[in-house]
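J.: requesting a structural model of the entry that follows:
(2 chains)
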Amino acid sequence: MTSLQFDIAHLLAGGMLVLSLLLLYQDRILATLNVFALQAIVLSLAVAWQAYVQGAMHLMVTALIALVVKGFVIPAALNRIVYRLGIHREIEQVIGAGPTMLTGLGLIALSILLVMPVNVGVTALAREDLAFALAVILLGLLMMITRRNAVTQIVGFMSLENGLILAATGARGMPLVVEISVAFSILIAFSVFGIFVFRIRERFDTVDLAALDRFRSERSTLQ
Amino acid sequence: MPLRIGLACVVAYLVAAVLAVVIGRWRAAPAVVYGAIVAISAAGLGSAFFALVSDDLNTRLALPLGLPLTGGALRIDALSAFFLLVVNLGGLAAGVYGIGYGRHERSPLRVLPYIPAYLAGMNFVLMADDAFTFLVAWEFMSLASWILVLADHRREENARAAYIYIVMASAGTLCLLLAFGLLAGPHGGYAFTAMREAAQPPLIAGLVFLLALVGAGSKAGLVPLHIWLPLAHPAAPSHVSALMSGVMTKVAIYGFIRIVFDLVNEPASWMSLIVIAFGGVTAVLGVLYALLQQDIKRLLAYSTVENVGIIFVGLGLAMAFRAHDMAVPAALAMTAALLHVLNHSFFKSLLFFGAGAVVHASGERDMERLGGLIRRMPHTAIVFLIGCAAISALPPLNGFVSEWMTFQAILVGPQLPHWGLKLIVPTVGALLALAAAFAAACFVKLFGTVFLGRARTAAARNAHDVDRFSLAAMYALAALCFLSGVVPGPLIDMLAPVAHALVRARMPEQSGIAWLSIVPIAASRSSYNGLIILSFLICSGVLTATVIHRFATRATRRSAIWDCGYPDPSLVTQYSGSSFVMPIRRVFGAALFDIRETVEMPPPGSAKPARFSLKVFDPAWRFAYGPGTRAIWTAAGKLNRLQFLTIRRYLMLVFAALIVLLIVVAAWR
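T.: This is a model prediction of the structure:
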């Protein structure tokens, strides 16, 4: 692998990480969806580059799935949901943007600390990719717990999934079947989420999960 | 050869258990099953005895079952042969007793199959030669006895006793499991031979010792681990109570000896200090609790706790002497402990059989509702009296011999070079003397309240003596108590190989000593002769009787009986057991027991009777288990809030756990 190939792979994975941080920071819902779409596109580019570098053409299929499904279909669908729910308003965050970003930086440092020392039988590319992927996964998780809105939680979950795909393609020899099944499970998860969001809205007139919590705590005090 | 017979006995017991399930509903079932138990345990007893006498020991037999790589193995050495003798002797006596007693069993299917299974479990524990076989057999024994505790399952208190028993038994087994795990080491040498060869560092040896003390001690009934014992032992049918008290506690003691004396390389002196201290405390507290009981069987169960304490004092002394290379006193202490194991199984089985006879004859376990039974049940009364005298350590019976030998070992104690032991051994000696006095008071109370005086209830008035089989078992045990008290020399010689295997020394040969005396260390120090004491007792008794009958007046004088200042002639106002122990209760009540004495006086003018009520609680519950129970409740109450978190908080918990684990991984490298 030449140094240029390595640098480009590095650039794309790093781009995903930066977009993850943006996701974490972004507090308007439509902008969040746009950033998520952008992250999925960068993911598909990264996967395609890996396919080219590794000479594994089946990864192109993965890249294509990522591009079409996660780059366009899911963001568009989420957009529709947001409009139908009529929530263009600013989204609340549980802890402020500053501490969240600091935590995110800490998580990135942690994942680098974790993965970098692994150097037995692993190429430099796979190693760095793993570090970036782990960071993206952790940031996705962090996004899920810092948001109260059901839609942005879905976005966090999807972004976590992006990290998983990045990790999977960085390692050589991931079979296509696995990729396709992961993609399908994401689709199914997405539709389940979508249905639930509407059910929640029907029931509570809001998609703010705090309403759910209030309902639960009422039940628990009744018990 | 003894190993094959032992294995055959276990198989035969299991077959008898299955047979009992099949034929349990027949009328002849108890006779058949108990007959089988008698035959099998007689065979086991014979083979164990000949193995011990002829030194046909230490053969090993690999089992086709067991852990991979280790496999299962059986072996009989001197120690297991001796305990096999104790177990099968108890089984034999219980079998003979059961032929008569078991006929009255209300639901035989709840009892019959499990007694042979229980005996099989105990035999198997003693023959196990690897940790896996040992633990499986140990659990089998625990579960079988647990089912027997539940035999009369409709009584609320039995269900509670069984619950506490199974919890304590499981905790004890867990401790033993951990002890064996530590002994096996990182390479997993679970065979006892491998453990013996491995050299444990002192820390591991200390941990193993503590775990064995808790694990085996909870089964044996060391205070404060004894709480299940006075609940569970009386709950079972009486011959099973005899097995549990007289035999199973001995199997627990076997487990302790096996681990601490055999598998751990060298006991240190701090270990012996702990054992001696716990033994002394157990002896005194056990007998004090026993004194305060009104339930015959529960009193006997608490007295078992006391005797276990005496045995543990002997074992602790043996450890101390062995740690300081004092071989002959070590052999003396060990022999005393083992002899007390045997003796206690004699008289405790006898007393439980007698209690069973009383309970069966009168339907009453509360001794304050009995009385005057010596006239209705003369045979039971005689053997019970012998048992009471033996357990109170009165010469020339067997209890005296082993306790006297324990005291002889205590008297050597001040020669130990360790200052802690120098201090504690005489203290524990004083405690044991106190316990012996209390034990005598306790059994005076038991015998006096149950058999003497006048019958307090109609049930006691209409009691009748029990059947021939039960009486035969009790008479045989009483004879054994008498024989081993008068001529203990052969028994001590029989124990020599056992003591030698454990402390690498033996007591002086007793068979060559004139007039059947026994000599613990050297003839110049002290010796005991049962025959002389017996002949003295006979002579003085005959002399006193002659003098009284010869010189006392024969004139009959009639007058009102002395009524102690209470003119009420009612039978229930007789001097009772709780009146008898009142002074002791008052002295120790405030300090040692949770005693609540309340007097309800009706207001002046009211016709209601005044009431006096007395409640005695075992303070072990409050001090040893209260903090733990409260901590668990508090923790459970706090953790209960985890049930009602929001979804996001659950996610946060998962996230935090993940991050912490990742940090640990990162920091580990």
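J.: by mean pLDDT, flag the weakest helix or strand of the chain.
T.: Chain wasn't specified; assuming chain A. Least confident helix or strand of chain A, by mean pLDDT, DSSP states H and E, is helix A:209-222 with a mean of 61.
J.: oops, chain B please
T.: Min over SSEs of chain B, mean pLDDT, DSSP H and E: helix B:619-620 (a mean of 78).
J.: so how far is it off the chain centroid?
T.: 19 Å (CA atoms, centre = their mean, to the nearest Å).
J.: the residue lying closest to residue A:45 once chain neighbours are set aside: how many residues sit nearby?
T.: Spatially, and ignoring its direct neighbours in sequence, residue A:45 is nearest to residue A:12 (5.5 Å; CB to CB, 6 or more residues apart in numbering or on different chains). Just so you know, the C-beta spots here come from the backbone N, C-alpha and C atoms, and that holds for glycine as well. Using other CB atoms under 10 Å in any protein chain shown, residue A:12 is surrounded by 21 other residues.
J.: the lengthiest helix in chain A - contacts with which helices or strands?
T.: Longest helix in chain A by number of residues (criterion: DSSP state H): helix A:176-204. Contacts defined by 3 or more CB pairs under 8 Å, 6 or more residues apart in numbering or on different chains; DSSP states H and E place helix A:176-204 against helix A:58-65, helix A:74-85, helix A:150-170, helix A:209-222.
J.: show the pLDDT at residue B:523.
T.: Listed pLDDT for residue B:523 reads 68.
J.: any idea how far the residue nearest the centre of chain A is from residue A:74?
T.: Computing the C-alpha centroid of chain A and ranking residues by CA atoms, centre = their mean puts residue A:159 first, at 0.4 Å. To residue A:74, residue A:159 is 11 Å away according to CB to CB, to the nearest Å.
J.: alpha carbons of stretch B:301-318, as CSV, please.
T.: The C-alpha trace of stretch B:301-318 is given here as CSV (Å, rounded to 0.1, in the frame of the first residue of the first chain):
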residue,chain,number,x,y,z
ALA,B,301,-29.8,-30.8,69.5
TYR,B,302,-28.3,-28.0,71.4
SER,B,303,-26.4,-30.5,73.5
THR,B,304,-24.9,-31.7,70.2
VAL,B,305,-23.6,-28.2,69.6
GLU,B,306,-21.9,-28.4,73.0
ASN,B,307,-20.3,-31.8,72.2
VAL,B,308,-19.1,-30.6,68.8
GLY,B,309,-17.4,-27.8,70.7
ILE,B,310,-15.6,-30.2,72.9
ILE,B,311,-14.5,-32.2,69.9
PHE,B,312,-13.2,-29.0,68.2
VAL,B,313,-11.3,-28.1,71.3
GLY,B,314,-9.6,-31.5,71.1
LEU,B,315,-8.8,-31.0,67.4
GLY,B,316,-7.5,-27.5,68.0
LEU,B,317,-5.2,-28.8,70.7
ALA,B,318,-4.0,-31.4,68.4
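J.: how many other residues sit next to the residue in the stretch 451-600 of chain B that chain A sits nearest to?
T.: Residue nearest to chain A within the stretch 451-600 of chain B: residue B:594 (36.7 Å; CB to the nearest CB). Other residues within reach of residue B:594, judged by other CB under 10 Å, total 14.
J.: was I right about it contacting residue B:620?
T.: No. With contact defined as CB atoms under 8 Å, residue B:594 does not count as touching residue B:620 (10.1 Å).
J.: hmm, back to that, show the contacting residues for the residue nearest to the centre of chain A.
T.: Residue A:159 is in contact with A:20, A:23, A:36, A:39, A:136, A:139-140, A:143, counting by CB atoms under 8 Å, 6 or more residues apart in numbering or on different chains.
J.: what of residue B:485?
T.: B:390, B:395-401, B:530.
J.: how many residues are close by the closest residue to chain A within the stretch 351-500 of chain B?
T.: The stretch 351-500 of chain B approaches chain A most closely through residue B:365 (44.3 Å), counting by CB to the nearest CB. Residues within reach of residue B:365, counting by other CB under 10 Å, total 18.
J.: name the residues of the helix or strand harbouring residue A:105 that come out as buried.
T.: Per DSSP states H and E, residue A:105 falls inside helix A:97-115. Neighbour counts over helix A:97-115 (16 or more other CB atoms under 10 Å in any protein chain shown) mark A:100, A:103-104, A:107-108, A:110-115 as buried.
J.: restrict those to contacts with chain B.
T.: A:107, A:110-111, A:113-114 (CB under 8 Å from any CB of the partner chain).
J.: TSV for those, including pLDDT?
T.: Output for these, formatted as TSV (pLDDT from 0 to 100):
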residue	pLDDT
A:107	91
A:110	89
A:111	89
A:113	86
A:114	85
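J.: out of the residues you listed, flag the one nearest to residue A:46.
T.: Ranked by distance to residue A:46 (CB to CB), these are led by residue A:111 at 16.7 Å.
J.: how many neighbours does the closest residue to the closest one other than its chain neighbours have?
T.: Using CB to CB, 6+ apart and skipping residues adjacent in sequence, the residue nearest residue A:111 is residue A:134, 3.8 Å away. Neighbour count of residue A:134, defined by other CB under 10 Å: 22.
J.: beyond the least confident helix or strand of chain B, next helix or strand please.
T.: Trace forward from helix B:619-620 with DSSP H and E and the next one is helix B:626-639.
J.: buried ones in that following helix?
T.: Buried, per 16+ other CB under 10 Å, within helix B:626-639: nothing.
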